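Colleague: Fold the following, please.
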Amino acid sequence: MSSLPTAVAPTGAPVQSGRRRVAITGIGCVTPIGTGVEALWNGLRAERSVVSAISRFDASIFRSRCAASVDDFDAEQYLDARRVKRLDRFGQFSVVASRLAITDSGIDLAVENRERIGAMMGTALGGVAYAEAQAAHFLRGGLRDVDATLALCVFGGSSSCNIAIEFGVSGPNSTNAMSCASGTIAIGEAFRQIRDGYADVMIAGGAEAPLATLCFGAFALIRAMSSRNDAPEEASRPFDKDRDGFVMGEGAAVLILEEWERAVARGARIYGEMAGFGTTNDAHHMTAPLPGGAQAARCMRQALADAGATPEQIDYINAHGSSTSLNDPTETVAIKTVFGAHAHRVPVSSTKGYYGHALGASGAFEAAICALVLQRGWVPPTLNLETPDAACTLDYVPKTGREMPVHAVLSNSFGFGGINASLVLRRAPM
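Modeller: All right, here's what the predicted structure looks like:
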């Protein structure tokens, strides 16, 4: 496999002055399969799903009654108790994952110019689950029973703002709410901030805490989720002919992105390079992907062009692979459109069989996983893939992972509203 070019513009011409390389120097995660880098990796290597029957609330009224939850999370292990009380679960996930990522990166904020450090996050629902809980308090006891933190927690932008406040970083800051592509878009936009010179370091990722009765019920109502309640660990089964919907998850993942030369100069451990980003919209339907996947394909092409990469230089694709009837075959078609004959040679897997679909956080989970795949040379499997759908005919790495050198990866996220987002990551020079 030839190495990827490291200094070409999307047109293939030499990089214009000022277009900077971007390193991934830190990973922080709070996921159903583990909190922290090593726990996440060990969870992947275990090759088993953690989806289970819902215990957070009474789900008996729903046809779907399983989810992937973060059961061992205690925010007070990472944050001051008074700070924890001012944050809902969504906010806690955001700040804790960021703290873990900063620690992992080795960046000393005490000596940094924090005006050159920013935060960008993504979430589909933000603090809606907390608002749901507070609405119940209001109906039961009136306004005096509503927590005063509600106004500070309910809006999605609280994610990146709380991160900025916690760590005193005053660079570019935003939280997008582009459904299931939110985390990927946040990382892609943060990458651009550094590449184009607006920041030197970005804290970027996604967070989601949707496991509450009404939030969960809204997706159950449209029959988007699996009803394989008798065997929840088998419910998320991307590309399998017997899939019947996604499984809701929760958590957060954050990457530290850093201008390449400064990362090298400070002796940072570099997981890989963030090399390309693309995003498009189907402009078709709020839940159904555009038949044929033309805009998903265009999104992947954008990311490849942004990285100066050809399809043949991609060694692994982390698919959106949501385990839904329409997404999986549409993504398959789009990959074939972009990759041609190489589509049947490149391993493609969805890791949602492990931890379900954490909506706006999923793309961030998967970007973190891709960075580790580059560093460690092992491709995670698509769990529960027993019999591929007849329309899904690629190498989906069924059930068991694969040891192999990986020089470049493509990560896809596609969401409600027709939003598409793709990232290209490449291996750091040894």
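
Colleague: Would you mind measuring from Phe90 to Lys399?
Modeller: In this view, Phe90 and Lys399 are 33 Å apart by C-beta to C-beta, to the nearest Å. In short, each C-beta sits where N, CA and C put it, glycine included.

Colleague: no wait, Ser413
Modeller: For Ser413 relative to Lys399 (C-beta to C-beta), the value is 23 Å.

Colleague: and those two? which has more neighbours close in?
Modeller: Ser413 (34 against 13; other C-beta atoms under 10 Å).

Colleague: wait, is the more buried one part of a strand?
Modeller: Yes - assessed with DSSP: H, G, I helix; E, B strand; the rest coil, Ser413 lies in a strand.

Colleague: my read: it touches Thr184, true?
Modeller: Yes - at 3.9 Å, Ser413 counts as touching Thr184 under the criterion of C-beta atoms under 8 Å.

Colleague: Need the overlap of contacts for those two.
Modeller: 363, 366, 421-422 (C-beta atoms under 8 Å, 6 or more residues apart in numbering).

Colleague: Report the buried members of those residues.
Modeller: Buried subset of the shared contacts of Ser413 and Thr184 (neighbour count, 16 or more other C-beta atoms under 10 Å): 363, 366, 421-422.

Colleague: CA atoms of stretch 90-106 as CSV?
Modeller: Taking Å, rounded to 0.1, in the frame of the first residue of the first chain, the C-alpha atoms of stretch 90-106 are listed here in CSV:
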residue,chain,number,x,y,z
PHE,A,90,-25.3,15.3,29.2
GLY,A,91,-23.1,18.1,30.5
GLN,A,92,-21.2,15.7,32.8
PHE,A,93,-20.5,13.4,29.9
SER,A,94,-19.2,16.4,27.8
VAL,A,95,-16.9,17.8,30.5
VAL,A,96,-15.6,14.4,31.8
ALA,A,97,-14.8,13.1,28.3
SER,A,98,-12.9,16.4,27.6
ARG,A,99,-11.0,16.2,30.9
LEU,A,100,-9.9,12.6,30.0
ALA,A,101,-8.9,13.7,26.5
ILE,A,102,-6.8,16.7,27.8
THR,A,103,-5.1,14.5,30.3
ASP,A,104,-4.4,11.9,27.6
SER,A,105,-2.9,14.5,25.3
GLY,A,106,-0.4,15.7,27.9
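
Colleague: If we go by neighbour counts, what in that stretch is buried?
Modeller: 90-102, 104-105.

Colleague: Please apply the same query to stretch 223-238.
Modeller: 224-226, 228, 232-238.

Colleague: Check stretch 255-268 too.
Modeller: 255-260, 262-264, 268.

Colleague: same check, this time on stretch 373-389
Modeller: Buried, per 16+ other C-beta under 10 Å, within stretch 373-389: 373-375, 378-385, 388-389.

Colleague: same thing with stretch 287-296?
Modeller: Counting neighbours by 16+ other C-beta under 10 Å, stretch 287-296 gives 289-290, 293-296 as buried.

Colleague: Include secondary structure and distance to Ala209 when you put those into a markdown table, please.
Modeller: Listed next are the buried residues of stretch 287-296 as a markdown table, based on DSSP: H, G, I helix; E, B strand; the rest coil; distance: C-beta to C-beta, whole Å:
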| residue | secondary structure | distance to Ala209 |
| --- | --- | --- |
| Pro289 | coil | 26 |
| Leu290 | coil | 30 |
| Gly293 | coil | 30 |
| Ala294 | helix | 34 |
| Gln295 | helix | 29 |
| Ala296 | helix | 28 |
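
Colleague: Any idea which helix or strand in the protein has the lowest mean pLDDT?
Modeller: helix 150-153 (a mean of 91; mean pLDDT, DSSP states H and E).

Colleague: Check the average confidence over stretch 109-119, would you?
Modeller: For stretch 109-119, mean pLDDT is 97.

Colleague: what's the answer for stretch 27-44, then?
Modeller: Rounded mean pLDDT across stretch 27-44 is 98.

Colleague: If we ignore the residues flanking it in sequence, what's nearest Ala283?
Modeller: Gly418 (6.0 Å; C-beta to C-beta, 6 or more residues apart in numbering).

Colleague: Correction: the previous question concerned Leu44.
Modeller: Using C-beta to C-beta, 6+ apart, the closest residue to Leu44 is Pro380 (4.8 Å).

Colleague: again, but for Val247
Modeller: Gly356 (3.7 Å).

Colleague: ok, now how distant is that neighbour from Leu374?
Modeller: Gly356 is 24 Å from Leu374, by C-beta to C-beta.

Colleague: cool, and Pro347?
Modeller: 13 Å.

Colleague: what do you get for Leu257?
Modeller: 14 Å.

Colleague: starting at the chain centroid, how far to the least confident helix or strand of the chain?
Modeller: 24 Å (C-alpha atoms, centre = their mean, to the nearest Å).

Colleague: can you list contacts of the next helix or strand after it?
Modeller: Once the chain leaves helix 150-153, the next helix or strand it forms, by DSSP states H and E, is helix 158-167. Applying C-beta under 8 Å, 6+ apart, the external contacts of helix 158-167 come out as 79, 83, 87, 90-91, 94-95, 98-99, 102, 109, 114, 117-121, 123, 126-127, 152, 169-170, 173-175, 203, 207.

Colleague: Could you do stretch 263-275 as well?
Modeller: Here stretch 263-275 has contacts from 4, 6, 21-25, 27, 105-107, 187, 191, 255, 257-258, 260, 306-309, 370-372, 374-375, 408, 423-428, using C-beta under 8 Å, 6+ apart.

Colleague: Which ones among these map onto strands?
Modeller: 22-25, 27, 255, 257-258, 408, 423-427 (DSSP state E).

Colleague: Include distance to Asn42 when you put those into a markdown table, please.
Modeller: Putting those into a markdown table (distance: C-beta to C-beta, whole Å) gives the following:
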| residue | distance to Asn42 |
| --- | --- |
| Val22 | 27 |
| Ala23 | 24 |
| Ile24 | 20 |
| Thr25 | 21 |
| Ile27 | 14 |
| Leu255 | 19 |
| Leu257 | 25 |
| Glu258 | 26 |
| Ala408 | 25 |
| Leu423 | 24 |
| Val424 | 26 |
| Leu425 | 21 |
| Arg426 | 25 |
| Arg427 | 22 |
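
Colleague: In ChimeraX, how would I select the buried members of the contacts of helix 158-167?
Modeller: Only the buried entries of the contacts of helix 158-167 go into this ChimeraX selection, using 16+ other C-beta under 10 Å:
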select :79,83,87,90,91,94,95,98,99,102,114,117,118,119,120,121,123,126,127,152,169,173,174,175,203,207
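
Colleague: From Cys66, how far off is the closest residue in space to Pro398 that isn't next to it in sequence?
Modeller: Leaving aside its chain neighbours, Pro398 sits nearest to Leu385 (4.0 Å; criterion: C-beta to C-beta, 6+ apart). Separation of Leu385 from Cys66 (C-beta to C-beta): 18 Å.

Colleague: I appreciate the help and will end here.
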